[in-house]
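# Here's a sequence, model it:
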Amino acid sequence: LLLYSQRLTSMISEVFSNLNDSVGLSSCCNCQIKSSFAKVYMTGNNITWICFICFLLCFLCAEGVVYDSLMLKHQCMCGNYANHPEHAGRIQSIWSRLQETGLLNKCERIRGRKASLEEIQLVHSEHHSLLYGTSPLNRQKLDPRKLLGNVSQKLFSLLPCGGLGVDSDTVWNELHSAGAARMAVGCVIELAARNGFAVVRPPGHHAEESTAMGFCFFNSIAITAKYLRDKLNIGKILIVDLDVHHGNGTQQAFYADPSILYVSLHRYDEGNFFPGSGAPNEVGSGPGEGYNINIAWTGGLDPPMGDVEYLTAFRTVIMPAANEFDPEIVLVSAGFDAVEGHDPPLGGYKVTAKCFGHLTKQLLKLADGRVVLALEGGHDLTAICDASEACINALLGNEVKHKSQQVERMSKVW
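Got it, this is the predicted structure:
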């Protein structure tokens, strides 16, 4: 309540400081609808009411940002973070960038929470949820049959660095990983009640029903989609996966589901790029046939994909399909490892950070602007900070200028 009170007080001051300037009044708003509303009624005795309504709309529709320091504790027990590209510095850097640029002050801070085991089991098996979602102490209290024996011996291995992991990429910290993974899921669920950006880790889109892999334990976006559909009766949900790696876990969760349209742009290279799934002919099955779209780039890095290819894919495939599907909300797996700056083993493409801002602007044309982005992959700190900044500027309705005149022309065609 104190947070909301401070937000309202700030908005009231901002609105009334611009009473003599209709442009100034409308500029306090974050979306074109509210700005137009302010300009239309900016006459005569309506002035007081429009100011009141305007700041209420700003408050109710402010873009949200969610983050929790608990997610920083998911670290390899070897203590050498240089060996692990998915580390706490990723979200620390993004959060610092949002503070430095002042963008954080323009967004509503959403309080995160840990997802319940019941919520996690909307997508994952009971065994998987208990294995990766409970602390060592609580795990000892469970029926051993639900855990299939001794966890440390059967499912974790000693890594070359000296730490534990599910595989060489997916490290495990017995004290903190479960809490961090559940917090990441809960943060995305909480944010889905409004627009915004979830600064979360560990990522999720590779996590399958009973398999952790590729840095991922729980599939935050997939769980959120099922939560919205099953608990909040959201009928049609679009998931757009921008990570350079295919979201095999998300595809698996909805492969036969016509209520979820899953679209992924990713490096495929004829199945030779991790995780090897996401071929163009993987289009869904049964009632879900046609509701799974893979834009699978191939040909390696000669040349690497860039802004023109991504914008063209959006214009010719993704947006037409999305408009026909007519979703009620858009969930974005915001992986930024396609942004220039990532070495070939973890990316290799040359998409600019500003391009991700343009793509976000296009998605805001869907579902009455209900768009939620959740951080997935991306390990070059400058690249992921730049891309996060561009996406949040797009969510706030700020102009996202691109240095390439060709990209600017392409974006204006829409």
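
# Tell me how confident the model is about the helix or strand encompassing Val240, as a mean pLDDT.
When elements are assigned from DSSP states H and E, Val240 belongs to strand 237-241. Per-residue pLDDT values across strand 237-241 average out to 99.

# ok, now stretch 328-342?
Taken as a whole, stretch 328-342 has an average pLDDT of 98.

# Settle this for me: Glu376 is touching Pro203, isn't it.
Yes. Taking Cβ atoms under 8 Å as the definition, Glu376 is a contact partner of Pro203 at 4.4 Å. In short, each C-beta sits where N, CA and C put it, glycine included.

# what's the overlap in contacts for these two?
Residues touching both Glu376 and Pro203 by Cβ atoms under 8 Å, 6 or more residues apart in numbering: Asp243, Gly335.

# pretty sure Ala334 contacts Phe197?
Yes. The pair Ala334 / Phe197 is scored as a contact, 7.4 Å apart, by Cβ under 8 Å.

# any common contacting residues for these two?
Leu373, Ala374, Leu375, Ser388, Cys391.

# what about Thr224, how many neighbours?
30 (other Cβ atoms under 10 Å).

# For it, give its distance to Ser333.
Here the distance between Thr224 and Ser333 works out to 11 Å (Cβ to Cβ, to the nearest Å).

# shared neighbours of those two, anything?
The contact sets of Thr224 and Ser333 overlap at Ala374 (Cβ under 8 Å, 6+ apart).

# Can you tell me the closest non-neighbouring residue to Gly286?
Counting by Cβ to Cβ, 6 or more residues apart in numbering, the nearest residue to Gly286 once its immediate chain neighbours are dropped is Ala256, at 4.5 Å.

# Need the pLDDT of that neighbour.
Confidence at Ala256, expressed as pLDDT, is 99.

# Correct me if wrong: it contacts Val283.
No. The pair Ala256 and Val283 fails to qualify as a contact (Cβ under 8 Å) at a distance of 11.3 Å.

# in the stretch 51-200 of the chain, what spans have low per-residue confidence?
Along the stretch 51-200 of the chain, the model assigns pLDDT under 70 to residues 51-61, 140-141, 143-155.

# would you list every one of the helices in it?
89-101, 117-120, 126-133, 136-140, 144-147, 151-154, 177-191 (DSSP state H, counting those that start in this stretch).

# what's the first one packed up against?
Secondary structure elements in contact with helix 89-101, counted by 3 or more Cβ pairs under 8 Å, 6 or more residues apart in numbering; DSSP states H and E, are strand 371-375, helix 381-395.

# Go again with 6 Å.
Helices and strands touching helix 89-101, by 3 or more Cβ pairs under 6 Å, 6 or more residues apart in numbering; DSSP states H and E, are helix 381-395.

# do the second one as well
In this structure, helix 117-120 makes packing contacts with helix 126-133, judged by 3+ Cβ pairs under 6 Å, 6+ apart.

# tell me which residues of the helix it packs on are tucked away?
His128, Ser129, Leu130, Leu131, Tyr132, Gly133 (16 or more other Cβ atoms under 10 Å).

# Stretch 132-141 now?
Counting neighbours by 16+ other Cβ under 10 Å, one finds that the buried residues in stretch 132-141 are Tyr132, Gly133, Thr134, Arg139.

# Hmm, Gly179 and the second one touching each other?
No. Under the criterion of Cβ atoms under 6 Å, Gly133 is not in contact with Gly179, lying 8.9 Å apart.

# picking up where we left off before, among the shared contacts of Ala334 and Phe197, who's most crowded?
Neighbour tally across the shared contacts of Ala334 and Phe197 (other Cβ under 10 Å): the maximum, 31 neighbours, falls on Leu375.

# For that one, give me its contacts.
By Cβ atoms under 6 Å, 6 or more residues apart in numbering, the contact list for Leu375 reads Val199, Val200, Ala334.

# Next step: those restricted to strands.
Counted as lying in strands by DSSP state E, out of those, are Ala334.

# what's the burial count for the closest residue to Val199 other than its chain neighbours?
For Val199, the nearest residue in space outside its immediate sequence neighbours is Tyr67; the separation is 4.3 Å by Cβ to Cβ, 6+ apart. Number of residues near Tyr67 (other Cβ under 10 Å) recorded here: 25.

# And Tyr67, how close does it get to Ala321?
Taking Cβ to Cβ as the measure, Tyr67 falls 32 Å from Ala321.

# How is Asn398 assigned, secondary-structure-wise?
coil (DSSP: H, G, I helix; E, B strand; the rest coil).

# backbone phi and psi for it, please?
In terms of degrees, to the nearest 10, the main-chain angles of Asn398 are phi -80, psi 150.

# rewinding a little: can you tell me which of the buried residues of stretch 132-141 is nearest Leu158?
Nearest to Leu158 among the buried residues of stretch 132-141: Tyr132, at 18.1 Å, using Cβ to Cβ.

# ok, back up a step: among the contacts of Leu375, which one sits closest to Leu117?
Relative to Leu117, and with distances defined as Cβ to Cβ, the nearest of the contacts of Leu375 is Val200, at 18.3 Å.

# Please name the residues that touch the closest one.
Ala184, Cys187, Ala374, Leu375.
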